[in-house]
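here's my sequence, what's the structure:
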Amino acid sequence: MPAIPPRTAVIIANPAARRALPASALDAAAGAMRARGWDVTIEVTTSREDTVARAEHHARANVDALVACGGDGTLLAVVNGVRAAGDEARTAVGMIPVGTANVWAAEAGVPRDPMRALALLENGERRRIDLGIARIGEGAAVPFLLVCGVGLDAAVVRAVENHPDWKRRLGRLAFGAPALRALASWPAIDTRLALDGVEVHAPHLLLALASNTSRYGGVASLSRTTQIDDGLIEVVTFEGGRSLRGRLALALHALRGHLDTRDVRGVTHRQATRVTLTPAHAMPIEVDGDAIGDCGPDAPLRIAVEHRAVTMIFGPAPTRSV
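Numbering: from 1, shown residues only. From the prediction side, this is the model:
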């Protein structure tokens with residue numbers, strides 16, 4: 001009887017991740033899978049561009065799985081590399097979560113323990129999932145796995161990016177002070193949206209989220225109906241005036257995880273396959289926690305869905321809405 005060829009996996013590790021694993025811990029986790037017949041190699045990435053290039057190379061070589069060892073940014077870079085390899089790539093993407101927020105890990109039921117996370121190569125569920133695609137004006141397409149945020153949310157992300165030490169030292173707490181400042185001062189902007197051709201007017205838009213998953217920032221439940229493989233994007237708009245009281249009420253709903261209800265004043269849920277957002281004044285944009293630029297009256301934000309674009313590895317999750 002011919003020998004069964006080893007299953008292949010490549011771990012792409014980001015040494016700059018906030019909770020980066022020591023080499024010994026990663027070697028031990030990989031060794032446990034090698035003992036089960038897997039051919040596991042570990043590569044240390046040097047930049048986001050290097051991560052994308054490595055992932056594309058291995059996906060074109062048809063490795064069974066690529067495992068991002070880092071945060072959500074590292075994971076998205078690996079996903080982008082697999083996507084760049086084309087429709088014929090059958091490589092699945094997993095994760096060892098060692099970043100700041102690890103929103104995807106919470107969504108997909110991926111444990112923090114590296115051995116248990118790698119064990120999902122064998123006992124996890126593999127699913128083809130959608131990717132969101134954001135484009136500013138006629139610019140380049142920017143894929144996202146989790147969420148594209150416009151307005152107040154993106155302003156907070158940009159503020160934290162300008163002080164990278166905050167995130168490394170404080171983790172999620174780094175977003176606290178910028179969020180409070182934005183709540184107090186961020187302007188409500190007159191905005192037009194088109195959802196699958198249907199025009200919507202949001203005269204006092206503070207924030208819009210185009211979400212591919214059910215939670216926002218790993219904190220708030222954003223939607224009870226979002227499915228990550230249904231070809232739809234959940235579009236949630238937040239409107240309000242200058243009232244600090246009203247803005248704080250919205251923030252409190254978010255912290256309590258109540259954004260998935262349909263009766264929060266100023267919050268509207270919609271679903272679409274294509275979205276165009278055109279604000280009267282420039283608004284910043286972030287995708288999966290990274291600022292990507294500004295949209296405005298002459299450069300609208302366009303969002304589309306790539307249906308079942310990549311295979312992801314899931315673990316046991318508290319909700320199966322993803």
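
which residue is nearest the middle of the chain?
L146 (3.0 Å; CA atoms, centre = their mean).

quick one, what contacts it?
Contact partners of L146, counting by CB atoms under 8 Å, 6 or more residues apart in numbering, are 72, 103-104, 107, 211-213, 288. Quick note: C-beta positions are derived from backbone N, CA and C, even for glycine.

quick check: the gap between it and V287.
Distance of L146 to V287, given as CB to CB, to the nearest Å: 8 Å.

likewise I129?
Relative to V287, I129 is positioned 16 Å away (CB to CB).

before we move on, what about G73?
Noted for G73: a distance of 10 Å to V287, by CB to CB.

those two - which one has more neighbours?
Just comparing G73 and V287: by other CB atoms under 10 Å the higher neighbour count belongs to V287, 23 against 20.

does the more buried one touch V142 like I think?
Yes - V287 is within contact range of V142, at 5.5 Å (criterion: CB atoms under 8 Å).

which neighbours do the two share?
What both V287 and V142 touch, as defined by CB under 8 Å, 6+ apart, is the set A134.

endpoints of stretch 284-298, how far apart?
In stretch 284-298, first residue to last residue: 14 Å (CA to CA, to the nearest Å).

for A304, phi and psi?
Note on A304: backbone dihedrals following degrees, to the nearest 10 are phi -130, psi 180.

please list all residues in contact with it.
A304 sits next to 132-133, 135, 273-275 when contact means CB under 8 Å, 6+ apart.

buried only: go through these for me.
Listed as buried from these are 132-133, 135, 275; burial here means 16 or more other CB atoms under 10 Å.

just the C-alpha atoms of stretch 7-20, please, in CSV.
Extracted in CSV, the C-alpha atoms of stretch 7-20 (Å, rounded to 0.1, in the frame of the first residue of the first chain):
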residue,chain,number,x,y,z
ARG,A,7,-0.2,17.2,4.7
THR,A,8,1.6,20.5,4.3
ALA,A,9,1.3,23.7,6.3
VAL,A,10,3.3,26.9,6.5
ILE,A,11,3.1,29.2,9.6
ILE,A,12,3.8,32.9,8.7
ALA,A,13,4.8,34.5,12.0
ASN,A,14,4.8,38.3,12.6
PRO,A,15,7.5,39.0,15.2
ALA,A,16,6.2,42.5,15.7
ALA,A,17,2.7,41.3,16.9
ARG,A,18,1.9,42.6,20.4
ARG,A,19,1.9,39.1,22.0
ALA,A,20,4.4,37.5,19.6
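
buried set for it?
If you call a residue buried by 16+ other CB under 10 Å, then stretch 7-20 has these buried ones: 7-14, 16-18, 20.

turn those residues into CSV, columns for distance to D190.
Shown next, in CSV, are the buried residues of stretch 7-20 (distance: CB to CB, whole Å):
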residue, distance to D190
R7, 54
T8, 53
A9, 50
V10, 48
I11, 48
I12, 43
A13, 45
N14, 40
A16, 40
A17, 40
R18, 38
A20, 44
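
just these: which has the poorest pLDDT?
Minimum pLDDT across those is recorded for R18, with 76.

look at it and give its secondary structure.
coil (DSSP: H, G, I helix; E, B strand; the rest coil).

any idea how far D288 is from A55?
Here the criterion is CB to CB. By it, D288 lies 15 Å from A55.

neighbour count for these two, which is higher?
Between D288 and A55, counted using other CB under 10 Å, A55 has the larger neighbour count: 30 against 27.

for that one, give me its contacts.
Neighbouring residues of A55 by CB under 8 Å, 6+ apart: 12, 66, 77-82, 84-85.

low-confidence ranges in the stretch 101-250 of the chain?
Applying pLDDT under 70 to the stretch 101-250 of the chain flags residues 161-185, 217-221, 224, 241-250.

all strands for it, in order.
125-136, 142-144, 147-151, 189-195, 198-211, 215-216, 220-221, 233-239 (DSSP state E, counting those that start in this stretch).

buried deepest among these, which one?
Per residue and on average, the most neighbours among these fall to strand 147-151, with a mean of 27 (mean count of other CB atoms under 10 Å).

name the SS class of R90, please.
What three-state DSSP gives for R90 is coil.

state the distance from the nearest residue to it once chain neighbours are set aside to G81.
Leaving aside its chain neighbours, R90 sits nearest to N62 (6.6 Å; criterion: CB to CB, 6 or more residues apart in numbering). Using CB to CB, one gets 14 Å for the distance from N62 to G81.
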